[in-house]
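Peer 1: can't give you the sequence, but here's the structure:
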């Protein structure tokens with residue numbers, strides 16, 4: 001599976017992974033021991049990748065060596081308050097020593113929908129059901145099928161005559177005396193026009209590793225691309241993952257290691273032109289099987305404009321997301337007394353920038369050869385840019401003491417200090433009035449500019465921890481834990 005969280009969903013007891021939908025960019029809710037809440041009063045589990053907080057959504061599954069879940073208080077205590085709701089530990093693959101190896105893997109996937117809503121697409125059945133429901137509820141005949149498709153008795157008579165024509169020689173439209181189109185569509189399946197039943201994806205992985213007595217390295221890269229679920233419009237998702245991990249022993253008692261990875265995501269998806277509406281909602285409102293997509297002269301019908309199909313097809317209302325994440329961890333290990341006393345320290349830095357551009361345009365539907373209605377005219381065309389920046393720094397220093405107490409006794413003491421700091425900022429800029437729909441730019445707009453919206457937060461965290469493990473003859477075990485935390489929001 002191209003997604004790590006989907007690969008482990010349902011595979012680890014007590015670990016609940018919930019996803020809102022199947023979007024490739026969708027993050028997940030990770031909870032431990034309960035359906036909607038983690039340990040205690042609720043909250044998300046702390047996810048650590050090689051000891052550093054990270055996003056499992058965008059991680060390359062091919063980089064993973066092992067995954068473990070810490071559920072009980074004794075196991076998570078060493079992580080302080082941040083581990084109060086459980087901890088998910090992900091360890092990435094290490095280098096193969098004594099030789100250099102190159103590995104490649106690739107795959108092509110077919111992704112199918114699991115549930116498809118059942119819409120009535122037979123025009124005659126849909127219309128009969130509509131009239132039964134409407135008259136049964138309102139106790140009078142309608143004046144319109146909805147707020148843009150007028151209904152008259154003469155329209156119904158003509159519609160039934162055309163539906164009952166055994167040769168089906170009739171046109172699906174005509175012009176009335178006022179020069180307006182009258183539609184007599186047959187079985188227009190709007191949901192099928194919007195959505196595919198399946199889509200495809202492919203990924204390519206390459207990994208190079210090697211090492212000797214004093215040094216080792218491993219580097220991996222992945223390219224993943226998934227086609228969209230929309231039959232109309234340009235939807236595409238691309239993701240690039242790169243990881244480089246190395247270790248070198250400078251002295252018999254001194255080792256340096258570094259672990260760097262970055263992720264680039266490029267996600268383009270069509271969107272409805274107003275109010276962030278969803279396609280199924282608009283199909284229910286204005287996607288009746290008696291309506292048509294285009295008029296006889298090739299212009300859009302009002303139905304196609306209103307339910308968003310025209311905007312998808314023209315490709316000028318969309319959302320573009322670009323995400324860049326860089327993470328690096330530098331560590332040092334000092335053996336003060338070989339196999340007895342070791343001091344370790346690390347410094348990690350994480351930078352993430354996520355930009356989102358939303359473009360909405362106006363579209364014109366024709367209710368007659370000379371009659372137009374522009375949808376979204378009151379709201380206008382807009383361009384919105386949103387930027388999310390995150391900087392995260394963490395540092396750990398700890399010592400491990402494992403004295404030699406003979407065959408019957410074992411003792412391990414661990415103590416250390418931890419510091420974390422996070423800065424998160426958002427910036428939103430929006431303007432109306434695109435002068436060139438196909439070239440969205442704040443410099444090519446003539447409308448109102450909204451005041452920029454800024455947001456964000458800062459927090460820092462410092463903690464000290466101590467753990468003592470004692471064992472007698474491998475059968476009797478005792479554990480003592482102590483943590484002290486302080487936070488500043």
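Peer 2: Cool, the structure landed. Everything quoted here is computed from the prediction, not taken from an experiment.

Peer 1: for the stretch 251-400 of the chain, what spans make up the strands?
Peer 2: Under the criterion DSSP state E, counting those that start in this stretch, strands of the stretch 251-400 of the chain are mapped to 254-270, 318-337, 341-360, 363-368, 371-375, 382-401.

Peer 1: would you turn those strands into TSV with mean pLDDT, mean neighbour count and distance to residue 305?
Peer 2: Using the backbone N, CA and C atoms, a C-beta is placed for each residue, glycine as well. Shown next, in TSV, are those (pLDDT from 0 to 100; neighbours: other CB atoms under 10 Å; distance: least, CB to CB, whole Å):
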stretch	mean pLDDT	mean neighbour count	distance to residue 305
strand 254-270	95	18	14
strand 318-337	95	16	16
strand 341-360	95	18	13
strand 363-368	90	19	4
strand 371-375	81	15	5
strand 382-401	95	17	17
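
Peer 1: Nearest to residue 85, out of those strands?
Peer 2: strand 382-401 (18.3 Å; CB to CB).

Peer 1: How far does the closest one sit from its chain's centre?
Peer 2: The chain centroid and the centroid of strand 382-401 are separated by 19 Å, computed with CA atoms, centre = their mean, to the nearest Å.

Peer 1: Can you tell me the strand partners of it and which way each runs?
Peer 2: strand 341-360 (antiparallel), strand 409-432 (antiparallel) (DSSP bridges).

Peer 1: just to revisit the earlier point, of all the strands of the stretch 251-400 of the chain, which lies closest to residue 164?
Peer 2: strand 363-368 (26.4 Å).

Peer 1: Quick one: list the elements packing against the closest one.
Peer 2: Packing partners of strand 363-368 (3 or more CB pairs under 8 Å, 6 or more residues apart in numbering; DSSP states H and E): strand 181-183, helix 302-306, helix 309-314, strand 371-375.

Peer 1: Regarding the chain, what is its longest helix?
Peer 2: Ranked by residue count under DSSP state H, the longest helix found in the chain is helix 123-138.

Peer 1: gap between that helix and the chain center?
Peer 2: 40 Å.

Peer 1: related to what we said a few turns ago, I'd like the strands of the stretch 251-400 of the chain as TSV, with distance to residue 460 appended.
Peer 2: Formatted as TSV, the strands of the stretch 251-400 of the chain follow (distance: least, CB to CB, whole Å):
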stretch	distance to residue 460
strand 254-270	23
strand 318-337	19
strand 341-360	14
strand 363-368	49
strand 371-375	49
strand 382-401	9
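
Peer 1: picking that back up, could you redo the strands paired with strand 382-401 as CSV and give each row distance to residue 65?
Peer 2: Shown next, in CSV, are those (distance: least, CB to CB, whole Å):
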stretch, distance to residue 65
strand 341-360, 18
strand 409-432, 22
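
Peer 1: Might one say that residue 330 is in contact with residue 258?
Peer 2: Yes. If you go by CB atoms under 8 Å, residue 330 and residue 258 touch, sitting 5.3 Å apart.

Peer 1: From residue 479, how far out is residue 413?
Peer 2: With distances taken as CB to CB, to the nearest Å, residue 413 is found 11 Å from residue 479.

Peer 1: Neighbour count for those two, which is higher?
Peer 2: The neighbour count for residue 413 versus residue 479, taken as other CB atoms under 10 Å, is higher for residue 413 (16 against 13).

Peer 1: and the longest helix of the chain, what does it pack onto?
Peer 2: So helix 123-138, by 3+ CB pairs under 8 Å, 6+ apart, packs with helix 153-163.

Peer 1: tell me what the next helix or strand after the helix it packs on is packed against?
Peer 2: Using DSSP states H and E, the helix or strand that follows helix 153-163 in sequence is strand 173-175. If you count contacts as 3+ CB pairs under 8 Å, 6+ apart, strand 173-175 packs onto strand 181-183.

Peer 1: Output the below-cut-off pLDDT ranges for the stretch 351-489 of the chain.
Peer 2: Scanning the stretch 351-489 of the chain with the threshold set as pLDDT under 70 gives 376-379, 489.

Peer 1: Residue 411: neighbouring residues, count only.
Peer 2: Residue 411: 14 neighbours (other CB under 10 Å).

Peer 1: Touching, it and residue 472? I think so.
Peer 2: No. Using CB under 8 Å, residue 411 is not in contact with residue 472, being 10.1 Å away.

Peer 1: before we move on, back to that, list just the one of the strands of the stretch 251-400 of the chain that sits closest to residue 285.
Peer 2: Per CB to CB, nearest to residue 285 of the strands of the stretch 251-400 of the chain: strand 371-375, 12.5 Å.

Peer 1: got the angle for the closest one vs strand 363-368?
Peer 2: 150 degrees (axes from the mean of the first three to the mean of the last three CA atoms, to 10 degrees).
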